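K.L.:
How does the following fold in three dimensions:
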Amino acid sequence: IARTTAGGSIGNVDLPDPSIFISDAAADEGSTLSFTISLSAPSTAELQARYDLIRFVHRGYRQRLLTAVSGSFSARVDDSSFVITPGRSDRLDLSEQDLVLVSHTAGKSIQVEHGKIASRASLLHAAIYARHPEVGSVVNAQPVNATAYSCSGQPLDSRTIPESYLFLHDVQTLPLEWAY
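P.N.:
Next comes the predicted model:
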């Protein structure tokens, strides 16, 4: 009985041992195993979104507007996908390759790039992109000072300067535990 097996790797894609997919009996009967591997390159839009998002996150980190692992940041790639920061990763150490590509269907279900862990806020980001097609990025920075102020229970008066009110209007807060 002759049997052909394939294995090895192509780039970062590991090919499994095909014998785990077919039994010895099926192999003996002359069964064949075939599978397809897609090795498509990222689009220009995805590469640009990765580049822009990493630069934004690093700048916010340097300016102490965000902390090491708090918050979630994403940038739209197209109508049905975006890149997002991975969960529980230090923002200063992130590279473009660390970002996670997320595909979504009308913001209701998501598919995450194979082998990566996206932010737990991915479904929230997907819903925002689906509901607001004009939005190009979502920032949930959770800056320390703003978070502490929000926990104080005091209302935020955005009317201190006209520009802040024009941009923010009336600011609503939610209990901190809602984020988790």
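K.L.:
Was I right to think residue 116 contacts residue 94?
P.N.:
No - between residue 116 and residue 94 there is no contact under C-beta atoms under 8 Å: 12.0 Å. C-betas here are computed from N, CA, C, even on glycine.
K.L.:
Comparing those two, which shows the higher neighbour count?
P.N.:
Taking other C-beta atoms under 10 Å, residue 116 and residue 94 do not tie; residue 94 has more neighbours (18 against 15).
K.L.:
Which neighbours do residue 116 and residue 94 have in common?
P.N.:
Applying C-beta atoms under 8 Å, 6 or more residues apart in numbering, one finds that residue 116 and residue 94 are jointly contacted by residue 86.
K.L.:
could you show me where the strands are in the protein, in order?
P.N.:
Here the chain has its strands, by DSSP state E, at 8-10, 13-15, 72-78, 81-84, 100-105, 109-112, 137-140.
K.L.:
so which of those is the most packed in?
P.N.:
strand 81-84 (a mean of 26; mean count of other C-beta atoms under 10 Å).
K.L.:
ok now that strand, how far from the chain's centre?
P.N.:
5 Å (C-alpha atoms, centre = their mean, to the nearest Å).
K.L.:
what residue ranges in this structure are flagged as low confidence?
P.N.:
Low-confidence regions of the chain, defined by pLDDT under 70, span residues 1-39, 176, 178-180.
K.L.:
Recalculate using a threshold of 50.
P.N.:
1-29, 31-39 (pLDDT under 50).
K.L.:
the longest helix in it is where?
P.N.:
The residue-count maximum for a helix in the chain (DSSP state H) belongs to helix 44-62.
K.L.:
Report the angle between that one and strand 100-105.
P.N.:
Here the directions of helix 44-62 and strand 100-105 differ by 120 degrees (axes from the mean of the first three to the mean of the last three C-alpha atoms, to 10 degrees).
K.L.:
Which positions in helix 44-62 come out as buried?
P.N.:
46, 49, 50, 53, 54, 57, 60, 61 (16 or more other C-beta atoms under 10 Å).
K.L.:
do the same with stretch 140-153
P.N.:
140, 141, 142, 143, 150.
K.L.:
Stretch 79-92 too?
P.N.:
For stretch 79-92, using 16+ other C-beta under 10 Å, the buried residues are 80, 81, 82, 83, 84, 85, 86, 89, 91.
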